[in-house]
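Novice: I would like the atomic coordinates for the input below:
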Amino acid sequence: MNKTFQKKNKLSNSRSKNIKQILNNINADSALEILKKLADEDINISEKIEELALGYLTEVNPDSIAENIFNDLNSLEVEEVWDNSGSTRDGYIAPYELASEMFEETLETYLEELRKYQKLSMNKEAKLTCMGILKGLYMFKKKATTEFKGYVEDDPYTNFTEVFEEWAEMNKDPKIEKNMYEFVIKNFPEWSNVLKNK
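Specialist: Just a heads-up that it's a prediction; the model follows:
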């Protein structure tokens, strides 16, 4: 009986190793398709996938988001503006315009996260993500010392306003809205005029 158990256990370990090897070599798109098919086929698996996915989605740390945004924006290089602006084959690109585009592209990944939470009606996570983005923009305005910053002087506040307004338009929870307003007034007093339009 012991030998039978060991044999089955050995086979399952071998199978487990084989599955791990397959998963390590599969691309993300294929893995997503497999996950969707499994979810469609079995309600129990679907519920487990949802539970695990929500676990990943709900780990939102505004301070970490702010720090990442600050670092991403602070690492933008003014040389890229110099090298790619001016007269080009397609016309003239103003350095300030190109710098603004670079600034906005850097924020886009974070905005996609915010929109994802709002689409899923994960209001708390959306609020925390928005707080992190706002804080990161403010940090860049106050602490950045790079030459690139000189090309985007107005962008931190402009994007701060746009991000806040986009979040506010999608938020339907008055309690969370009140909490966000308090956060803005406390942390960004000179930018709190963004609330006057609300």
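Novice: Wasn't residue 128 part of a strand?
Specialist: No. Counting by DSSP: H, G, I helix; E, B strand; the rest coil, residue 128 is not part of a strand but helix.
Novice: residues near it, how many?
Specialist: By other CB atoms under 10 Å, 22 other residues sit near residue 128. Every C-beta, even on glycine, is put in place using the N, C-alpha and C of the backbone.
Novice: check contacts around it.
Specialist: Residues near residue 128 by CB atoms under 8 Å, 6 or more residues apart in numbering: 60-62, 65.
Novice: possible to save the residues you listed as TSV with distance to residue 157 and neighbour count?
Specialist: Formatted as TSV, the contacts of residue 128 follow (distance: CB to CB, whole Å; neighbours: other CB atoms under 10 Å):
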residue	distance to residue 157	neighbour count
60	24	20
61	24	12
62	19	18
65	18	22
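Novice: Turn those into CSV, including distance to residue 99 and secondary structure.
Specialist: As requested, the contacts of residue 128 are exported to CSV (distance: CB to CB, whole Å; DSSP: H, G, I helix; E, B strand; the rest coil):
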residue, distance to residue 99, secondary structure
60, 29, coil
61, 29, coil
62, 26, helix
65, 22, helix
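Novice: what's the closest of these to residue 74?
Specialist: Checking those against residue 74 by CB to CB gives residue 65 as the nearest, at 14.6 Å.
Novice: distance of that closest one from residue 21?
Specialist: With distances taken as CB to CB, to the nearest Å, residue 65 is found 35 Å from residue 21.
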